[in-house]
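Colleague: pasting the sequence and the predicted coordinates here, then a few questions.
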Amino acid sequence: MLWSLFKILVFVAIIGLLALGGHFLMQTSGGVQITVAGTEFTLGPLQSVIALGVLVLAVWLFFKLLSLLVATLKFLNGDETALSRYFDRSREQRGYQALADGLMALASGEGRIAMTKASKAEKLLNKPELTDLLVAQAAEMTGDTKKASDTYKKLVTNSATRFVGVRGIMKQKLAEGDDETARKLAEKALAIKPRHEETQDVLLNLQTKAQDWAGARSTLTSKLKAGYLPRDVFKRRDAVLALSEAKGILDEGATVEQQERAIEANRLSPDLVPAAAMAARAYIAKGKSRAATKILKKAWEVRPHPDLAHAFAEIEPDETPEQRVRRFTALTRIHPENMETRLILAELNIVAEDFPEARRALGDVVEKRGDARAYTLMAAVERGEGATDAVVQGWLAKALNAPRGPQWVCDNCHDIQPEWGPVCQNCHSFDTLSWQTPQTPEIATATGVHMLPLIVGALESQTEEPETVETAEDDDVVEVTVDAVEVADDAEAQKQV
């Protein structure tokens, strides 16, 4: 309200001043005389001021018309002018609109529309760094891989878009299954952007598949430096890679360097069972049995595992069964109630022909957590104590249908692996194998389960006298318990049944 009143007062004041000035000029004597072609014009003071204003306006209009004429001539000549800039802005607006429409169509899954809009934006904008990527993505969506590849190659030639082009071609090679070329492209892409997380993951996966363990360790270190990997995870995975480098340690041509890598792998991750077993074998090869024992005991404290027991048995390969039972006390006293410890004790005592002690070692494992290995050991105990064939075959029949217990299982695809490896043989994922009981049963036959009672019943119905055979001379028991740390698995049990 006050502002409106103020503007009205200012307007009235200006009109008043103009009127006052006009009145003053009318009262003033004198004027301006202008002679044109012999004609004399006399203008009063007020007329002179008005004529001056008209003259100024005419001069301004003249220069404006002159500048418009010059701009038109320049436009016709192809030079940049205000008029050309107007048309350029209009074309640019239409180009960006086509680009936006193309991105929306791409996000909506409308490949053909995205391709059309991308071509239109490419013509209007003349900015390949923006439109080429849209063209490539739209071409891939419509299945035109050749055009997409050609477009990515254009992006590679531009320093600003080289990474995008290399990454696009890399993904194409991955889709085609050309892992070798994809790995080289991933290395180039990572050289352009060393902190790009996705490229690091792709390169690490390809390097592990190609068993390029040294390159994989370098990539893993880059992930740690970039802050994409926790240090504890880095240590474990670096240990896995170091262990993979030393995989041939027990071969005849194994080098000292491989032995050192196995020991390094155990140092990086003491709880990694394969690393501990391999490092122990490296010390055994060097004649350092005490160091091997220390490594295996430390790993056994984290988790008892049959591979550790196998390596522990190799420290003194020529000892008697009784000596082996006493020496294994260094391991079995650490986790006495652990299922693996009890199974190992049972195996050792079976080999030593101390069958009552083997039965005590098994305890309630058979009733509460029975698996194929426990049932097979129980069959060996029964045979050693002189039980009938029907009883022994009954335990073996149970072993046939029982789960095999903990195994190396991939956390990603849940595939069961026969032995540990850095890469899953099924889904090729890195460092996903863990020692666990499979979620799905290994035996899925429709008739096997129903036939077991018939088999056992038929054996029990035999009327012939049971034959007691000395354990040390019985081939079946020797086949089951010949090694202190390795019993016959369910496949052997099937053969015996």
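Modeller: Ah, there it is. Residues are numbered from 1 along each chain as shown.

Colleague: straight-line length of stretch 293-310, end to end?
Modeller: Stretch 293-310 has an end-to-end distance of 12 Å (criterion: Cα to Cα, to the nearest Å).

Colleague: same check on stretch 260-279?
Modeller: Note: stretch 260-279 ends 8 Å apart using Cα to Cα.

Colleague: for the stretch 101-250 of the chain, just list every one of the helices.
Modeller: Along the stretch 101-250 of the chain, the segments classed as helices by DSSP state H, counting those that start in this stretch run 111-125, 128-142, 145-157, 162-176, 179-192, 197-209, 213-226, 231-245.

Colleague: pull out the buried residues from the fourth one.
Modeller: With burial defined by 16 or more other Cβ atoms under 10 Å, the residues of helix 162-176 counted as buried are 162-174. For every residue, glycine as well, the C-beta is placed using N, CA and C.

Colleague: ditto for the fifth one
Modeller: Using 16+ other Cβ under 10 Å as the burial criterion, the residues of helix 179-192 that qualify are 179, 182-190.

Colleague: so what secondary structure elements neighbour that helix?
Modeller: Helix 179-192 sits against helix 162-176, helix 197-209, with contacts defined as 3 or more Cβ pairs under 8 Å, 6 or more residues apart in numbering; DSSP states H and E.

Colleague: nearest the geometric middle of the protein, what residue?
Modeller: D201 (5.0 Å; Cα atoms, centre = their mean).

Colleague: and the residue lying closest to that one once chain neighbours are set aside, how close does it get to D101?
Modeller: Distances taken as Cβ to Cβ, 6 or more residues apart in numbering put K223 closest to D201, at 8.0 Å, once the chain neighbours are dropped. Counting by Cβ to Cβ, to the nearest Å, the gap from K223 to D101 is 39 Å.

Colleague: then H305?
Modeller: Applying Cβ to Cβ to H305 and D101 gives a distance of 60 Å.

Colleague: please identify which of the two sits among more neighbours.
Modeller: Neighbours per residue, other Cβ atoms under 10 Å: of H305 and D101, the larger number sits with H305, 21 against 17.

Colleague: test my guess that that one contacts V273.
Modeller: Yes: under the contact definition of Cβ atoms under 8 Å, H305 touches V273, with a separation of 4.7 Å.

Colleague: where do the contact lists of these two overlap?
Modeller: 299, 435 (Cβ atoms under 8 Å, 6 or more residues apart in numbering).

Colleague: sorry, back to before: would JSON lines of the buried residues of helix 179-192 with pLDDT be doable?
Modeller: Formatted as JSON lines, the buried residues of helix 179-192 follow (pLDDT from 0 to 100):
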{"residue": "D179", "pLDDT": "91"}
{"residue": "A182", "pLDDT": "93"}
{"residue": "R183", "pLDDT": "93"}
{"residue": "K184", "pLDDT": "93"}
{"residue": "L185", "pLDDT": "93"}
{"residue": "A186", "pLDDT": "93"}
{"residue": "E187", "pLDDT": "93"}
{"residue": "K188", "pLDDT": "93"}
{"residue": "A189", "pLDDT": "92"}
{"residue": "L190", "pLDDT": "92"}
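
Colleague: return the member of the residues you listed nearest to D415.
Modeller: D179 (20.0 Å; Cβ to Cβ).

Colleague: for the closest one, give me its contacts.
Modeller: By Cβ under 8 Å, 6+ apart, the contact set of D179 is 173, 206, 209-210.

Colleague: for stretch 48-57, buried residues please.
Modeller: Of the residues in stretch 48-57, S48 count as buried by neighbour count, 16+ other Cβ under 10 Å.

Colleague: any low-confidence regions in the stretch 301-450 of the chain?
Modeller: 440-450 (pLDDT under 70).

Colleague: quick one: V12 from M1, how far?
Modeller: 17 Å.

Colleague: between the two, which one's more packed in?
Modeller: The neighbour comparison of V12 against M1 (other Cβ under 10 Å) goes to V12, with 10 against 5.

Colleague: so that one is in which element?
Modeller: In this assignment (DSSP states H and E), V12 forms part of helix 2-27.

Colleague: one more: W408?
Modeller: Assigned by DSSP H and E, W408 falls in strand 407-410.

Colleague: what are the pairing partners of that strand, and which direction each?
Modeller: Sheet pairing for strand 407-410, assigned by DSSP bridges, gives strand 416-417 (antiparallel), strand 433-436 (antiparallel).

Colleague: mind checking those for the one nearest to E301?
Modeller: The nearest among those, by Cβ to Cβ, is strand 433-436 at 15.2 Å.

Colleague: and the closest one, C-alpha only, in CSV?
Modeller: Listed next in CSV are the C-alpha coordinates belonging to strand 433-436 (Å, rounded to 0.1, in the frame of the first residue of the first chain):
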residue,chain,number,x,y,z
LEU,A,433,34.0,-72.2,-0.1
SER,A,434,33.4,-72.9,3.6
TRP,A,435,33.4,-76.1,5.7
GLN,A,436,29.8,-76.7,6.6
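
Colleague: poorly predicted segments of the stretch 1-150 of the chain, please.
Modeller: Applying pLDDT under 70 to the stretch 1-150 of the chain flags the ranges 25-33, 36-38, 40-46, 75, 77-84.
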